[in-house]
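Q: turn this into a structure:
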Amino acid sequence: MRVFLARSLLCATALLAAGPCRAALAPGEPDLAYGAYQRGYYRTAFQEAMKRVKADPHDAPAMTLVAELFEQGVGAPQNLDEAMHWYKLAAEQGDKNAEYSLGNAYFTGKGEKKDVATAVAWFEKAASQDHAGAWFNLGVVALEGNGVVSDFAKAAQDFRRAADLGFPDAAYALALLYREGKGVQKDPVQATEWMKRAAQDRFLAAEVEYGIALFNGDGVPADEAGAAKWLLRAANRGNPVAENRIARLYFTGRGVKQDRVEGAKWAILAASAGLRDPWLDGEAEKLTPDERKKAEQAIRSFLSK
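A: Numbering: from 1, shown residues only. Reported below is the predicted structural model:
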């Protein structure tokens, strides 16, 4: 199973789109630090956040922003010790994003000595405040077993909490558990439904998997045209598996109007990424000189975008 440790870029991510990093400013008062951060004016964000901390030593969101900027080395020189210092100050004030980031530091050993138990403690604090990334990472810890036996049932519960909070990585992971029947009863319908949710949130691997499920009618009525749309979407984002599958659909005319030039274009792109397909190679050899020329032009046009 492919799962990833969630990584927050403070409140700039879709996960935190509701703006939990904002301080309780006076009504109508603009959040200059957050606004600068969103626009990429990191030096200004750092300066404004420091002003806020000086004005209010309990401004946890501003502390977390300062920590993030130190950690990433944007707006201030990269300094993990300073980042951890500010994360801890904010976490002491109960800021869930700081708690989450400290959990990541202890989990990865980046900024702190690796300590899974301490990481879990911080993740649990953030999760208690509905931090989706924290719920997801608790699921990852459960899968890894913390050096013991994997707890798939707990992983499924944690992934569901994160997915219900809109975290696509978790929806994808939960879909895989339903597909494999680990921690939950095997259920292709549930697997495909969660895969769809992850795909709708633009999780790339889920777009591919959901497209394949639609094509095969796995947990959902077969829909070759719908499958082609999802595979084409993922192919346009550079996924080699999607490029390979959509190439086959174009050559065979299934789900899309048959187009040997488009088929060749996607087959070559997939092959250039290391995904060779003898059947597609054979179809490409049947192209006319004019079709080959058009395919090459189509590739150049695609790569120039």
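Q: show me where the stretch 1-150 of the chain dips below the pLDDT cut-off.
A: By pLDDT under 70, the weakly predicted segments of the stretch 1-150 of the chain are 1-29, 146-148.
Q: now the helices for it?
A: 32-38, 42-55, 60-72, 80-92, 96-108, 116-127, 132-144 (DSSP state H, counting those that start in this stretch).
Q: how close does Arg43 sit to Gln185?
A: Noted for Arg43: a distance of 53 Å to Gln185, by CB to CB, to the nearest Å. All C-beta spots, glycine's among them, are computed from the backbone N, C-alpha and C.
Q: for those two, indicate the residue with more neighbours.
A: Remark: of Arg43 and Gln185, Arg43 carries more neighbours, 12 against 7, as counted by other CB atoms under 10 Å.
Q: ok, and the closest non-adjacent residue to the more buried one?
A: Excluding the flanking residues, the one nearest Arg43 by CB to CB, 6 or more residues apart in numbering is Gly75, at 4.8 Å.
Q: residues contacting that neighbour?
A: Taking CB atoms under 8 Å, 6 or more residues apart in numbering as the criterion, Gly75 is in contact with Tyr42, Arg43, Thr44, Ala45, Phe46, Leu69.
Q: repeat that with 10 Å
A: Applying CB atoms under 10 Å, 6 or more residues apart in numbering, we find Gly75 in contact with 36-37, 40-49, 65-66, 68-69.
Q: what does Ala247 give?
A: Ala247 touches 231, 235, 262-271, 275, 277, 279-280, 283-284, counting by CB under 10 Å, 6+ apart.
Q: which one of the contacts of Gly75 is nearest Glu99?
A: Distance to Glu99 across the contacts of Gly75 (CB to CB) is lowest for Glu68, with 13.4 Å.
Q: okay, strands next: where are they in the stretch 101-250 of the chain?
A: Using DSSP state E, counting those that start in this stretch, no strands are found in the stretch 101-250 of the chain.
Q: Ala242 and Val208, how far apart?
A: Counting by CB to CB - Ala242 and Val208 are separated by 5 Å.
Q: shared neighbours of the two, which are they?
A: Counting by CB under 10 Å, 6+ apart, the residues touching both Ala242 and Val208 are Trp230, Leu231, Arg233, Ala234, Ala235.
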